[in-house]
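K.L.:
give the three-dimensional model of this entry:
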Amino acid sequence: MARQGLGRTVSENKTNCKFCQQIITGGPEFFYKDGSGLFVAKWDVNPERPGHALVIPIRHVEFFQELTKQELEAIALAAEKVEEIITKTDLPQMYNSVFASVDNEESKKYIDRAKDELKKNGGRPADGFNDWINDGPVAGQSVPHLHWHIIPRWAGDMPDPDGGMRRMFGGGEP
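P.N.:
Alright, predicted model coming up:
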């Protein structure tokens with residue numbers, strides 16, 4: 001049984017959903033559409049680390065359990081492809097072009113921090129990735145449309161990554 005989505009119906013979510021509207025209108029932050037036509041990927045406007053991207057189902061679903069079998073298979077393949085794209089992307093150039101005209105002050109702070117981190121790692125490809133889904137509001141989902149975070153990681157980007165996500169990002173503020 002699927003969970004209820006914050007008291008909204010699916011049709012209301014489609015109309016009021018930030019991601020649904022962005023998928024319809026597009027934008028420079030979108031860089032991938034999978035071969036199945038079920039998923040897109042975009043650069044996160046508030047990157048936790050340089051190259052932070054989101055894989056988003058085109059169909060409005062709020063929770064992981066709502067994905068069909070076909071979507072479950074496709075989302076993993078899309079995530080794998082997006083990691084490959086991130087590894088090959090000139091991230092400093094991407095931030096300078098895609099986000100050149102960001103007017104949101106919070107986003108500017110995150111993007112500036114990502115640019116600073118890219119300078120520290122010398123522009124080399126990521127050494128690994130964190131992949132996760134915040135499945136529902138109590139799990140930290142801030143947009144009520146399922147999305148898979150892909151966060152590149154570099155050796156030395158934190159003192160001791162042992163313990164995985166439990167100790168990954170501290171306070172998370174820029």
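K.L.:
for the residue nearest the centre of the chain, phi and psi?
P.N.:
Nearest to the geometric centre of the chain sits Leu54, at 2.3 Å (CA atoms, centre = their mean). In terms of degrees, to the nearest 10, the main-chain angles of Leu54 are phi -130, psi 130.
K.L.:
distance check, it against Gly123.
P.N.:
Leu54 is 23 Å from Gly123, where distance means CB to CB, to the nearest Å. C-beta here means a position set from N, CA and C on the backbone, and glycine is covered the same way.
K.L.:
the longest helix along the chain: which residues count as buried?
P.N.:
The helix spanning the most residues in the chain, taking DSSP state H as the definition, is helix 69-88. Burial within helix 69-88, assessed by neighbour count using 16 or more other CB atoms under 10 Å, is assigned to Glu71, Ala74, Ile75, Ala78, Ala79, Lys81, Val82, Glu83, Ile86.
K.L.:
and of those residues, the nearest to Val40?
P.N.:
Set against Val40, the nearest of the buried residues of helix 69-88 by CB to CB is Ala78 (8.5 Å).
K.L.:
so who does that closest one touch?
P.N.:
Applying CB atoms under 8 Å, 6 or more residues apart in numbering to Ala78 gives the contacts Tyr32, Asp34, Leu38, Phe39, Ala41, Val55, Trp148.
K.L.:
one more: His147?
P.N.:
Residues in contact with His147 (CB under 8 Å, 6+ apart) are Phe19, Leu54, Val55, Ile56, Ile133.
K.L.:
please enumerate the helices of the protein.
P.N.:
So, for the chain - with DSSP H - the helices run 10-16, 18-25, 69-88, 91-98, 105-120.
K.L.:
closest one to Glu66 out of the contacts of His147, please.
P.N.:
For those, the residue nearest Glu66 by CB to CB is Ile133; the value is 11.9 Å.
K.L.:
how much space between the closest one and Ala100?
P.N.:
Counting by CB to CB - Ile133 and Ala100 are separated by 30 Å.
K.L.:
tell me where the protein is predicted with low confidence.
P.N.:
For the chain, the stretches flagged by pLDDT under 70 are 1-13, 163-174.
K.L.:
one more time with 80, if that's ok
P.N.:
Scanning the chain for pLDDT under 80 picks out the ranges 1-15, 158-174.
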